[in-house]
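In: Show me how the following folds:
(chains A, B, C and D)
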Protein chains: 2
Amino acid sequence: MWAGRDCSGVVDTQDAPDLDLIFAALADPTRRAILASLLDGERKVGDLAEPLPMSLAAVSKHLQILARAGLVSQLRDGRVRTCRLEPDGLAAAFVWMQGFGAFAMEDYDALERYIEATLAEDEAGEEPR
Amino acid sequence: MWAGRDCSGVVDTQDAPDLDLIFAALADPTRRAILASLLDGERKVGDLAEPLPMSLAAVSKHLQILARAGLVSQLRDGRVRTCRLEPDGLAAAFVWMQGFGAFAMEDYDALERYIEATLAEDEAGEEPR
DNA sequence: GAATTATTCAACCAAACGGTTGAGTTTTGT
DNA sequence: ACAAAACTCAACCGTTTGGTTGAATAATTC
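Out: Sure, this is the predicted structure:
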């Protein structure tokens, strides 16, 4: 992976086709807030929108962007649309970044320990509902 | 982390201030190609630009964006500007995503194994120069 | 010191982004 | 059947993005 000499010969070498969409989706604080709130479990569009300082239509568009990136999915049940986090989308970006860190991060072990600690603490804290 | 009830009460709750910049920087394929090419080691701006299908000025702007996000740094030595990967910037985004995955990913172990494999293979393959 | 090399700066342009409002479109409730 | 609820769609608007070109800057070479 990342074969040495010409990994940038063509711009998009072996890039997963939707990393653009995924990272772009993550680049907005509103969208990250939505994702964070979905960590708690499924949510209706309206419930997601309620705390956010913008119109329902704006939130709807944000959700479309998250859906197109494969980060959330919407299940329509009656007139209500329920949103849920889609783990695999995140995984793609995560793996890409990891492939990076393997080379570049010096304090990889420290990071690993930090992550382990966080993970354990979270699992103790509350269930994902 | 991600305290249950109102993690989205305000949009930017405890967000690292530059996640916007980091993810936005990663959202462009040209910029990811530049980062990938920097995995090999330091590079002059011109050398980074050479394989890319755009003007030098465009690449210069991409590098500014990467620098503002803290993902690369430029060391000017004479008239030549040498770019290097900045690991800590990536780590911030990485940790954010990890905090996410801890809750959401079902196949966490599989992912971990995949990562371990990739890491081992890469370390065997070539040195980062 | 004049020309060349390496890179940024500034102005511009089309397209995309993040928001708005107002009008659909389905369900649900009475 | 009617009105309200829960959305999405469409059109618009100001700002940012990703590229261009041409000029500016700075260090090297002749």
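
In: Contacts for stretch A:53-71, please.
Out: A:18, A:21-22, A:24-26, A:28, A:30-31, A:34-35, A:45-46, A:48-49, A:52, A:72-74, A:83, A:85-86, A:88-90, A:92, B:11 (CB atoms under 8 Å, 6 or more residues apart in numbering or on different chains). From N, CA and C alone the C-beta is placed, and that goes for glycine too.

In: What about DNA strand D: which of these touch it?
Out: Filtering the contacts of stretch A:53-71 for proximity to DNA strand D by CB under 7 Å from any atom of the strand leaves A:45-46, A:74.

In: From the residues you listed, list the buried ones, please.
Out: For those, a burial check counting by 16 or more other CB atoms under 10 Å in any protein chain shown picks out A:45, A:74.

In: can you tell me which of the ones next to DNA strand D among the contacts of stretch A:53-71 are in strands?
Out: Of those, the ones assigned to strands by DSSP state E are A:Gln74.

In: Strands of chain A, start to end?
Out: Under DSSP E, chain A gives strands at A:43-44, A:72-77, A:80-85.

In: Please convert those to TSV, extending it with mean pLDDT.
Out: Converted to TSV, these look like this (pLDDT from 0 to 100):
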stretch	mean pLDDT
strand A:43-44	97
strand A:72-77	94
strand A:80-85	96
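
In: how about CSV for the ones you listed, with distance to A:Gln98 added?
Out: Below are the strands of chain A laid out as CSV (distance: least, CB to CB, whole Å):
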stretch, distance to A:Gln98
strand A:43-44, 28
strand A:72-77, 22
strand A:80-85, 20
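
In: how about stretch A:41-53: buried residues?
Out: Buried residues in stretch A:41-53, defined by neighbour count with 16+ other CB under 10 Å: A:43, A:45, A:48-49, A:52.

In: Out of those residues, the closest to DNA strand D would be?
Out: Lowest distance from DNA strand D to the buried residues of stretch A:41-53 (CB to the nearest atom of the strand) belongs to A:Val45, with 2.9 Å.

In: Cross-check the contact I'm expecting between that closest one and A:Arg84.
Out: No - between A:Val45 and A:Arg84 there is no contact, the gap being 11.8 Å when judged by CB atoms under 8 Å.

In: Identify the contacts common to those two.
Out: Common contacts of A:Val45 and A:Arg84 (CB under 8 Å, 6+ apart): A:Gln74.

In: where are the low-confidence patches of chain A?
Out: Low-confidence segments of chain A (pLDDT under 70): A:1-17, A:101-129.

In: same thing but 90
Out: Counting by pLDDT under 90, chain A shows low-confidence ranges at A:1-18, A:40, A:87-129.

In: how about the residues of it near DNA strand C?
Out: Within chain A, the positions near DNA strand C by CB under 7 Å from any atom of the strand are A:24, A:27-28, A:30, A:53-55, A:57-58, A:61-62, A:65, A:78-79.

In: Could you tell me which of these count as buried?
Out: Buried members of these, counted by 16+ other CB under 10 Å: A:24, A:27-28, A:30, A:62, A:65.

In: Which single residue of chain A ends up nearest DNA strand C?
Out: For chain A and DNA strand C, the shortest gap (CB to the nearest atom of the strand) falls at A:Gly78, measuring 2.5 Å.

In: distance of that residue from A:Leu38?
Out: Using CB to CB, to the nearest Å, A:Gly78 is found at 20 Å from A:Leu38.

In: can you check A:Cys83 too?
Out: A:Cys83 sits at a distance of 6 Å from A:Leu38 (criterion: CB to CB).

In: where do the contact lists of those two overlap?
Out: Common neighbours of A:Cys83 and A:Leu38, using CB under 8 Å, 6+ apart, are A:48, A:72.
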